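*Asks:* The following block contains a protein sequence and its predicted model.
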Amino acid sequence: MGFPGTWMTESESVVYRVVPKCACSTIGQIMFYSDHGEFFDGDIHDAQGGMHKWAIEASQPIITDNVKTHGSYAFTCVRNPYTRILSSFFDKICGIQRNGKRYRGNLVPLLIQKYGIEVGGDDGKQEFDQIKAFRRFLLFARDTIRWRRPMDPDIHWSAMSGHVSTFIVNGGRYDKIIWTEQFNDGMEQVMQAIDTRHAVDIADIPRFNESEGHGPKRAHPVEDYFDDLSMHLVYEIYKRDFDLFKYDFEDPSNKMPVGEIDLDEVHKKLGD
């Protein structure tokens, strides 16, 4: 199994387990900058050099040796499940991707046909009932996660705890889990805990939101998208995420964490 979704600086100053839709573009660029004194020119997900990634075969034994011996500080980043699934919907389902096409080819036509979802026309720019469409998408997301039908769950809406757990199950240990909602504070703590070739001023780092502009703008407050049934579905899918990463299930309008993450609890519950 190894360590899928794991990135590490070339200098091995820090190891990071990517969780999709949780500031991963910005974190990757910070790691790149800390080694090279400049940002990667383009989307950091496309970088094939300048940092170690599990997806690069030559990096796998280097990452494995480091993680299994806990040779470097290791961290990951999580996000409120309500805002994360909403972001996935607007980016991946409603949006046109970097290549000018729809995400995963036939995924959106499948959703239109099987779940009656509207996405704002061919270019994603036409008006549509965002709340109705999102709630139908939520049914689809639940079906993929619960029954793996009509397809396997996508990494962008599968539970964060699933991503976080592979690192633990295969022998890794986190030193820190930071919240997207308190990003500067969290990344500052990570940077203070490691030695980097180049100093990084977190307050000055631009946000590399590679998905921004792909899809329509959210037209309503977060809580408007979640009625009682939607909240039930979200809890069914993300109960572990709410519990372990200390988010408020009862109030979709509160994106901030409501307690401290207990790393021992995370390792115990996700290490089975």
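*Replies:* Received it, and whenever you're ready, just let me know what you need. Numbering: from 1, shown residues only.
*Asks:* what bits of the stretch 101-250 of the chain have low per-residue confidence?
*Replies:* Within the stretch 101-250 of the chain, the segments meeting pLDDT under 70 span 124, 210-214.
*Asks:* Where do the strands of it begin and end?
*Replies:* 176-179 (DSSP state E, counting those that start in this stretch).
*Asks:* can you give me the helices in it?
*Replies:* 107-115, 130-147, 160-169, 183-193, 228-245 (DSSP state H, counting those that start in this stretch).
*Asks:* As JSON lines, these with mean neighbour count and distance to Cys24 would be great.
*Replies:* Placement of C-beta: from N, CA and C, glycine included. Formatted as JSON lines, those follow (neighbours: other C-beta atoms under 10 Å; distance: least, C-beta to C-beta, whole Å):
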{"stretch": "helix 107-115", "mean neighbour count": "15", "distance to Cys24": "21"}
{"stretch": "helix 130-147", "mean neighbour count": "18", "distance to Cys24": "19"}
{"stretch": "helix 160-169", "mean neighbour count": "20", "distance to Cys24": "10"}
{"stretch": "helix 183-193", "mean neighbour count": "16", "distance to Cys24": "12"}
{"stretch": "helix 228-245", "mean neighbour count": "17", "distance to Cys24": "16"}
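*Asks:* closest one to Met8 among those helices?
*Replies:* Nearest to Met8, of all the helices of the stretch 101-250 of the chain, is helix 160-169, at 11.8 Å by C-beta to C-beta.
*Asks:* just to revisit the earlier point, so for Ile56, which of the helices of the stretch 101-250 of the chain sits nearest?
*Replies:* helix 160-169 (17.2 Å).
*Asks:* Output the closest one as CSV, nothing but the C-alphas.
*Replies:* Extracted C-alpha coordinates of helix 160-169, given in CSV (Å, rounded to 0.1, in the frame of the first residue of the first chain):
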residue,chain,number,x,y,z
MET,A,160,-10.8,13.2,5.2
SER,A,161,-10.3,10.5,7.9
GLY,A,162,-9.8,8.0,5.1
HIS,A,163,-7.0,10.0,3.5
VAL,A,164,-5.4,10.7,6.9
SER,A,165,-5.6,7.1,8.0
THR,A,166,-3.5,5.5,5.2
PHE,A,167,-0.4,7.3,6.5
ILE,A,168,-1.0,5.9,10.0
VAL,A,169,-2.0,2.3,9.0
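*Asks:* Please spell out which residues along stretch 37-44 are buried.
*Replies:* Of the residues in stretch 37-44, Phe40, Ile44 count as buried by neighbour count, 16 or more other C-beta atoms under 10 Å.
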